[in-house]
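In: build the 3D model from these lines:
(one chain, ligands or ions: 2)
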Amino acid sequence: MERSDRPGRREQKPGPRPAKFDIPAGARQILQALAGAGYEVHLVGGCVRDLLRGVPPHDWDICTSARPDQTRRCFAGRCIAGTGLKHGTVTVLEGDEPYEVTTYRTEGPYSDSRRPDHVCFVSDLREDLARRDFTINAIAMDLDGDLHDPFGGRDDLRAGLIRCVGEPALRFQEDGLRVMRALRFGAVLGYAIEEKTAQAIHKNRAMLNRVAAERINAELCQLLTGQNAGHILRAYPDVFCQFWPQLEPLITLEQHTPWHCWDGWEHTIRALEAAPATVPLRLAMLLHDAGKPGCKSTDAGGIDHFYGHPSLSARLADEMLRALKFDNRTRERVVTLVKYHGVQIPCQDRAIRKWLNRLGVEAFFQLLEVKRADNMGQAFQLAKDRLAELDQIRAAAEALITQGECFSLKDLAINGRDVIAAGTAQGPEVGRTLNGLLEQVLSGQIPNERRVLLALIGSRQD
Ligand code: ATP
Ligand code: MG
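Out: Ligands and ions are numbered 1, 2, ... in the order given. Have a look, this model is predicted:
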């Protein structure tokens, strides 16, 4: 028997590395400068969490016993910004990298839901760590790699747990955004949410009503693209309905059709999990069937139908994305993908050209992803053939593009100047002529060749 197969022998989970972390020179210099001036100074928050997980941090937060004016004096003559000064934050630029250096502090309430109303500077690191949201985010590390971890953050990192620092209910009542942050960390890190923290999330979800839409938006985007987004959606539908009540009927939607082996919410989750982890695609999957409950009918045979649901879903998606203040580009793209998620695209060059023209190349391929993911969330035996067909459509579209085919006016071999030179007066007629030619090119009636097109508009050029 192999050693590792012996009964009772357990795999040791790799724990955090003890010391010698890869800290960039800029952060080191700041830590050294403040320590050299006699202040306490630590790395804190996400960067310590990520160093301990063995993942490169994407930003470096520093906390110190120095008051903001003392920090500024330490970096006199250097490039610093005091935008967060009221809250104790001085931003120091080192080698073009901004580092936020924040005085140890406690926080007052968040009545505007963006920043605490006031902060109190304190001299004890523990108090600063106590105001932080989750134990894994409340670990400080000094230059030698020594850790200050009064709330058991390392144990929770090893166990893969999101746990509030202190009493969960109170922490969510102080700042409702923490409800979304807990779910975001759960989804992104793939950690479980500790039981008392989980209960407090459900109970205090209405605190989200007081949180600025932009803050919810930023957490939601990270959450949906996280590795465990599906688990979080499954376990916390009530939280999502808090800011998007339009989802409520979908959560309880039953669908009796040969196509579906899941109810509405489970199908949505499975489809979302099957989609690539980008914001527009994950949003499109989350919202693609939002209109189904409003379109449900049941025929004499007991089969459910949802005629017209993509249009209603698109309307709801538009409303929901506006409410969370998504940028126009993302909103319009998601709405388009939701609106067309049910279209049948025949696997013929002519049809593919038309859809490429209507959507543009990027959105066309995204739509194929949406359709693939939607099928993946359905009864597999029936979805199999449609998945194969989608692969054929993709291959055919790629071939058309490689051949340099024309899909939009800008690809047409002639332009407005040619039409005017051929005798059409400047104005809407020029566009009509070009569009008419494009239609014929897309349907394969005429080739996209300059000579042919010029001849058709009666030009004497060439
Ligand atoms: P990320 O990887 O997204 O940057 P992060 O943990 O660094 O994760 P930030 O928003 O950069 O998150 O915040 C830095 C630190 O500030 C957190 O680790 C946490 O200690 C604290 N923090 C941030 N937002 C809150 C909040 N709403 N309530 C309490 N503490 C917070
Ligand atoms: Mg951070």
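In: list, one by one, the residues from the stretch 1-150 of the chain near ligand 2.
Out: Applying Cβ under 5 Å from the ion, we find that the stretch 1-150 of the chain lies next to ligand 2 at 46, 59. Backbone N, C-alpha and C define where each C-beta goes, glycine included.
In: switch the cut-off to 8 Å
Out: 45-47, 57-59, 61 (Cβ under 8 Å from the ion).
In: in helices, which of those residues fall?
Out: 46-47 (DSSP state H).
In: would you mind giving both backbone torsions of Thr83?
Out: Main-chain torsions, Thr83, degrees, to the nearest 10: phi -60, psi -30.
In: ok, and the closest non-adjacent residue to it?
Out: Thr91 (6.6 Å; Cβ to Cβ, 6 or more residues apart in numbering).
In: show me which of the residues of the stretch 1-150 of the chain next to ligand 2 is closest to ligand 2.
Out: The shortest approach to ligand 2 among these belongs to Gly46, at 3.5 Å (Cβ to the ion).
In: mind listing what the closest one touches?
Out: 57-59, 61, 137 (Cβ atoms under 8 Å, 6 or more residues apart in numbering).
In: among the residues you listed, which two are most distant?
Out: Of all pairs drawn from the contacts of Gly46, the greatest distance, 14.1 Å, lies between His58 and Asn137 (Cβ to Cβ).
In: give me the low-pLDDT residue ranges for the protein?
Out: Where the chain drops to pLDDT under 70, the residues are 1-20, 79, 111-114, 461-462.
In: tell me where it has strands.
Out: Under the criterion DSSP state E, the chain contains strands at 41-44, 61-64, 80-84, 89-94, 97-103, 105-107, 119-121, 140-141, 147-148, 161-162, 192-193, 297-298, 304-305.
In: can you list the strands that the second one pairs with?
Out: As defined by DSSP bridges, the strand partners of strand 61-64 come to strand 41-44 (antiparallel), strand 97-103 (parallel).
In: could you pull out the buried residues of stretch 268-281?
Out: Under the neighbour-count criterion of 16 or more other Cβ atoms under 10 Å, stretch 268-281 has 268-275, 279-281 buried.
In: ok, back up a step: mind giving me the PyMOL command for buried ones among the contacts of Gly46?
Out: The PyMOL command for the buried members of the contacts of Gly46 (criterion: 16+ other Cβ under 10 Å) is given here:
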select buried, resi 57+61+137
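In: the contacts of Gly46: which ones sit near ligand 1?
Out: When contact is defined as Cβ under 6 Å from any ligand atom, the contacts of Gly46 meet ligand 1 at 59, 61, 137.
In: what sits against the second one?
Out: Just to be clear, that refers to Asp61. 43-47, 99-100, 102.
In: switch the cut-off to 6 Å
Out: 44-45, 100 (Cβ atoms under 6 Å, 6 or more residues apart in numbering).
In: next one: the last one
Out: Counting by Cβ under 6 Å, 6+ apart, Asn137 makes contact with 45, 49.
In: so which of the strands of the chain is the most surrounded?
Out: The highest mean neighbour count among these, using mean count of other Cβ atoms under 10 Å, belongs to strand 41-44: a mean of 26.
In: residues in contact with that strand?
Out: So strand 41-44 is contacted by 31, 34-35, 61, 63-64, 140-142 (Cβ under 6 Å, 6+ apart).
In: and Arg432, how many neighbours?
Out: Using other Cβ atoms under 10 Å, the number of residues around Arg432 comes to 12.
In: any idea how far Leu442 is from it?
Out: Counting by Cβ to Cβ, to the nearest Å, the gap from Arg432 to Leu442 is 16 Å.
In: likewise Gly342?
Out: Remark: distance between Gly342 and Leu442 (Cβ to Cβ) = 22 Å.
In: what do you get for Thr106?
Out: Counting by Cβ to Cβ, the gap from Thr106 to Leu442 is 64 Å.
In: now Arg171. Nearest residue, chain neighbours left out?
Out: Nearest one to Arg171, counting by Cβ to Cβ, 6+ apart, is Cys164 at 4.6 Å.
In: hmm, Phe172 and that neighbour touching each other?
Out: No: Cys164 is beyond contact range of Phe172, at 7.7 Å (criterion: Cβ atoms under 6 Å).
In: re earlier: which one's more surrounded, Gly342 and Leu442?
Out: Legend: neighbour count by other Cβ under 10 Å for Gly342 and Leu442, higher for Leu442 (24 against 17).
In: can you add distance to ligand 1 and give the strands paired with strand 61-64 back as JSON lines?
Out: Converted to JSON lines, these look like this (distance: least, Cβ to the nearest ligand atom, whole Å):
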{"stretch": "strand 41-44", "distance to ligand 1": "7"}
{"stretch": "strand 97-103", "distance to ligand 1": "9"}
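In: turn the ones you listed into CSV, including distance to Cys74.
Out: Formatted as CSV, the strands paired with strand 61-64 follow (distance: least, Cβ to Cβ, whole Å):
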stretch, distance to Cys74
strand 41-44, 10
strand 97-103, 9
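In: looking at those, which is closest to His148?
Out: strand 41-44 (6.8 Å).
In: in PDB, could you pull the C-alpha coordinates for the closest one?
Out: Taking C-alpha atoms only, strand 41-44 is exported to PDB below (Å, rounded to 0.1, in the frame of the first residue of the first chain):
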ATOM      1  CA  VAL A  41       3.200  51.000  10.500                       C
ATOM      2  CA  HIS A  42       1.700  47.900   8.900                       C
ATOM      3  CA  LEU A  43       0.400  46.500   5.700                       C
ATOM      4  CA  VAL A  44      -3.300  45.700   6.200                       C
END
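In: from here on, count from 2
Out: Sounds good: first residue 2 from here, last item strand 42-45.
In: and Leu209, how many neighbours does it have?
Out: Residues near Leu209, counting by other Cβ under 10 Å: 20.
In: isn't it right next to Trp245, touching?
Out: No: in this structure, Leu209 is not within contact of Trp245 by Cβ under 6 Å, at 10.5 Å.
In: this completes my enquiry, with thanks.
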